[in-house]
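>>> Sequence and predicted structure below; questions after.
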There are 2 protein chains.
Amino acid sequence: MSHPGFARTPEPPYFAVIFTSQRTDGDRGYEHMAQRMVELAAQQPGFLGVESVRDKAGLGITVSYWRSREDIRAWREHAEHQSAQAAGRRIWYADYRLRICEVLRESAPAGADATSQSG
Amino acid sequence: MSHPGFARTPEPPYFAVIFTSQRTDGDRGYEHMAQRMVELAAQQPGFLGVESVRDKAGLGITVSYWRSREDIRAWREHAEHQSAQAAGRRIWYADYRLRICEVLRESAPAGADATSQSG
């Protein structure tokens, strides 16, 4: 069985959004929003999974995986997500980088519950 | 000025390696190796930067950025890195996923010290 922190993605190619962010101090509604956005993203067409980590200094990396760039575009334009993005820029994030990628190859340790085993 | 946690990458396209990993318990030489690998990677041809976060549960995401897939291949085959990869599989990582990607687009908040500003 796979660790819950790993996304179970299909054979590449598929797409990824790498969101690196530095949080401002204090929660100010952030945790509630972040949880809601993961729930909402998971309901969108083409969503393949998400991996997300934040350290105690407030630096975070969230990678969401998608079937196509069109699916990423649709999620970005989702009304509730747009509202969260605006609040993120205004309140929650001191800075961020967002990168749209095509995943070309995936590997995992031999025996892991993943799509592809080769190193 | 950019937050030190962010990589200063050039205009896309360039390439990324997303390494998601779950640490085993205890350090067992891990922190020393991890720091050494970042130093060594930074000396390789085509290295563009790295962003890395690990939470207190031991789940981590490290994204390194590279000019080309050939640069990624060369780094993967670097002798000292190969030895660290073998120790990682044997000792430090309970599980991991490694994904090779092409970065197609990058954005940052208006005014951020990044290559591209459009959302």
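The structure has been received and is ready for your questions.
>>> so residue A:48 makes contact with residue A:7?
Yes: if you go by C-beta atoms under 8 Å, residue A:48 and residue A:7 touch, sitting 6.6 Å apart. C-beta: built from backbone N, CA, C; applies to glycine.
>>> how much distance is there from the host helix or strand of residue A:22 to the middle of the chain?
Per DSSP states H and E: residue A:22 is located in strand A:14-23. Distance, stretch centre to chain centre, for strand A:14-23: 6 Å (C-alpha atoms, centre = their mean, to the nearest Å).
>>> Can you check what angle separates the following helix or strand past it from strand A:14-23?
Counting by DSSP H and E, the next helix or strand C-terminal to strand A:14-23 is helix A:30-42. Computed with axes from the mean of the first three to the mean of the last three C-alpha atoms, to 10 degrees, the direction of helix A:30-42 lies at 170 degrees from that of strand A:14-23.
>>> The helix or strand following helix A:30-42: how far from the chain's middle?
Sequence order places strand A:47-54 as the next helix or strand after helix A:30-42, per DSSP H and E. Distance of strand A:47-54 from its chain centroid, counting by C-alpha atoms, centre = their mean, is 4 Å.
>>> packing partners for strand A:47-54?
When contacts are defined as 3 or more C-beta pairs under 8 Å, 6 or more residues apart in numbering or on different chains; DSSP states H and E, strand A:47-54 sits against helix A:30-42, strand A:59-66, strand B:47-54, strand B:59-66.
>>> Touching that strand from outside, list them.
Applying C-beta atoms under 8 Å, 6 or more residues apart in numbering or on different chains, the external contacts of strand A:47-54 come out as A:5-10, A:14, A:23, A:38, A:41-42, A:60-67, A:71, A:75, B:20, B:53-55, B:59-61, B:97.
>>> Rounded mean pLDDT for that strand, please.
Confidence over strand A:47-54 (mean pLDDT, whole number) is 98.
>>> Residue B:108 is nearest to which of the helices and strands packed on strand A:47-54?
strand B:47-54 (12.8 Å; C-beta to C-beta).
>>> Using CSV, list the CA coordinates for the closest one.
In CSV, the C-alpha atoms belonging to strand B:47-54 read as follows (Å, rounded to 0.1, in the frame of the first residue of the first chain):
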residue,chain,number,x,y,z
PHE,B,47,21.6,23.3,-12.5
LEU,B,48,19.1,26.1,-12.2
GLY,B,49,18.0,25.9,-8.6
VAL,B,50,16.2,23.9,-6.0
GLU,B,51,13.2,24.2,-3.7
SER,B,52,12.9,21.8,-0.8
VAL,B,53,10.5,21.4,2.1
ARG,B,54,10.0,18.6,4.7
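>>> Run me through the strand neighbours of that strand, direction for each.
strand B:59-66 (antiparallel) (DSSP bridges).
>>> For the partner strand, the averaged confidence score.
Average pLDDT, strand B:59-66: 98.
>>> And the next helix or strand past that strand?
Using DSSP H and E, the next helix or strand after strand B:59-66 towards the C-terminus is helix B:69-76.
>>> Off-centre distance for that following helix?
Remark: helix B:69-76 is offset 13 Å from the chain centroid, using C-alpha atoms, centre = their mean.
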